[in-house]
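**Student:** please work out how this folds:
(2 chains)
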Amino acid sequence: MIESLQLLIDVSLLAFLVIIVFASIKMTDLFAVTMLFGIFSFVSALLFLDLDAVDVAFTEAAVGAGFTTVLMLSALRLTQPYENVKHRHSLLALFIVTLTGAALFYGIADFPAMGDPNAPVHQHVAPEYIQLTQEKIDIPNVVTAVLASFRGYDTFGETVVIFSAGVAVMLLLGMGQVKHEQEPEENMVLWVVVKPMIPLILIFGLYVQFHGDFGAGGGFQAGVIFASGFILYSLVFGEMYARRVMPAPILPRLAALGVLIYGVTGLISLLFNKPFLDYTALSSNPVSGQHLGILLVEAGVGLAVFSTILLIYYSFSGREVNHNE
Amino acid sequence: MNELFGHFNYYIVVILMMMGLYIVIASSNLVKKLIGLSVFQVSVFILYITFGKVTEGSPPILTDNTDVYSNPLPHVLILTAIVVGVATTSVGLALIVRIQEAYGSIDEDDINAMDDKDDDHLEKKV
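**Tutor:** Reported below is the predicted structural model:
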């Protein structure tokens, strides 16, 4: 019964996704396309939830539906919010797409059916991870255990990628500065509604950060949620005030500090003759060593993601509109 | 019912993927191209998460109530991929903003036309 219900939700959400993308293909108003993409992200977050991927759903809702939409809107402010109406060589595109799609459809026929417990993907390392999480790490959330401990190398690499992306955006656009003291439009309703929301968002961000071992959440989600509190403040009360609370020049240093915390946690294990990122070295008891290691690493990830996301936002929002005609 | 829909997710993933690809090829607007790329990206996310699903499994957060969990590994891969994805998208958008400032347009055809004109001009000078 529950399975059929899950399947029903799955099918209807997927149908929704197709309709949303189909609608955005023909649209030329880029604001509308951006909003549709926000809806697309949110619906796919619901789909991830339906497919048991709670951590992924969390991330997609915070990043895809939240931050990406704000980012695209601020990019549209600096460019043009409309598309020239001409779909060039769309027949050729249709041909290529149909051909590729047909090849992929052919390949899919050999896939194991969805949910098959005997599929090859479930025979590899996954059962091991679930069992070892119980024995060696002793935290309930397997995703956090795999992310921060078993696959700590990958996550370290990804944190560095995010940091580099932040640096790249900063190099391309600069950190921006609000020169004239511009007051935002007075909007009493927004002010009253948003003001009590901001502390709640920040507290929720901290909760997600430190509760990631036990339930859905972790450094990646917490960083984005924490940053979105500041972004909301900046959008409603004016960027000048946001920059006073969290000045832009601090952010690259914080991002670097986050990556540093992660790296140093790994290096400490080397000092005790253990492999890089082996947290059992951090304490006399291997299990509490793992707990400490995961806490430190997640803190590093959270700090790096928070400051990079906010830095990217400042870079876009602080840039003057400069149409070179 | 499950046999009928066993591959449904995969087919929709391919359809979404191809729609994203179509936007990337057919649209000449750079922002829209980037949105097409993001649609493509999300379709890959859905593919991975569908791989991880186990029938009658529960989310991979250990409890005493069940022994069957969905596969946590795709979740980890996609979780980090989403955050990396937004970081790379922002680099793409930053490049587009710089293109707008240099050319006054974010339409690929216009930009190519301007480049061609510049090239002709240079050749004449030489």
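**Student:** taking chain A, what residue is nearest to chain B?
**Tutor:** In chain A, the residue that lies nearest chain B is residue A:113 (2.9 Å; Cβ to the nearest Cβ). C-beta coordinates here come from the backbone N, C-alpha and C atoms, glycine included.
**Student:** was I right about that residue contacting residue B:9?
**Tutor:** No: the pair residue A:113 / residue B:9 is not scored as a contact, 9.7 Å apart, by Cβ atoms under 8 Å.
**Student:** those two - which one has more neighbours?
**Tutor:** Neighbours were counted for residue A:113 and for residue B:9 using other Cβ atoms under 10 Å in any protein chain shown; residue B:9 has more, 26 against 16.
**Student:** so that one is in which element?
**Tutor:** Using DSSP states H and E, residue B:9 maps to helix B:8-26.
**Student:** quick one: contacts for the closest residue in space to the residue of chain A closest to chain B that isn't next to it in sequence?
**Tutor:** Excluding the flanking residues, the one nearest residue A:113 by Cβ to Cβ, 6 or more residues apart in numbering or on different chains is residue B:6, at 2.9 Å. Neighbouring residues of residue B:6 by Cβ atoms under 8 Å, 6 or more residues apart in numbering or on different chains: A:113, A:114, A:115, A:116.
**Student:** next, format those as CSV and append secondary structure and pLDDT.
**Tutor:** Below are those laid out as CSV (DSSP: H, G, I helix; E, B strand; the rest coil; pLDDT from 0 to 100):
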residue, secondary structure, pLDDT
A:113, coil, 88
A:114, coil, 87
A:115, strand, 86
A:116, coil, 87
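**Student:** buried subset of those residues?
**Tutor:** Listed as buried from those are A:113, A:114, A:115, A:116; burial here means 16 or more other Cβ atoms under 10 Å in any protein chain shown.
**Student:** look up how far residue A:282 lies from the residue of chain B found nearest chain A.
**Tutor:** At 2.9 Å from chain A, residue B:6 is the closest residue in chain B, using Cβ to the nearest Cβ. Distance of residue B:6 to residue A:282, computed by Cβ to Cβ, to the nearest Å: 45 Å.
**Student:** okay, now residue A:228: neighbour count?
**Tutor:** Quick note: residue A:228 (other Cβ under 10 Å) scores 24 neighbours.
**Student:** ok, now which ones touch it?
**Tutor:** By Cβ under 8 Å, 6+ apart, the contact set of residue A:228 is A:62, A:66, A:67, A:201, A:309.
**Student:** recalculate using a threshold of 7 Å.
**Tutor:** Listed by Cβ atoms under 7 Å, 6 or more residues apart in numbering or on different chains, the contact partners of residue A:228 are A:62, A:66, A:67, A:201.
**Student:** so which of those also contact chain B?
**Tutor:** By Cβ under 7 Å from any Cβ of the partner chain, the members of the contacts of residue A:228 lying near chain B are residue A:67.
**Student:** can you pick the most crowded of the contacts of residue A:228?
**Tutor:** Highest neighbour count within the contacts of residue A:228: residue A:62, with 28 neighbours (other Cβ under 10 Å).
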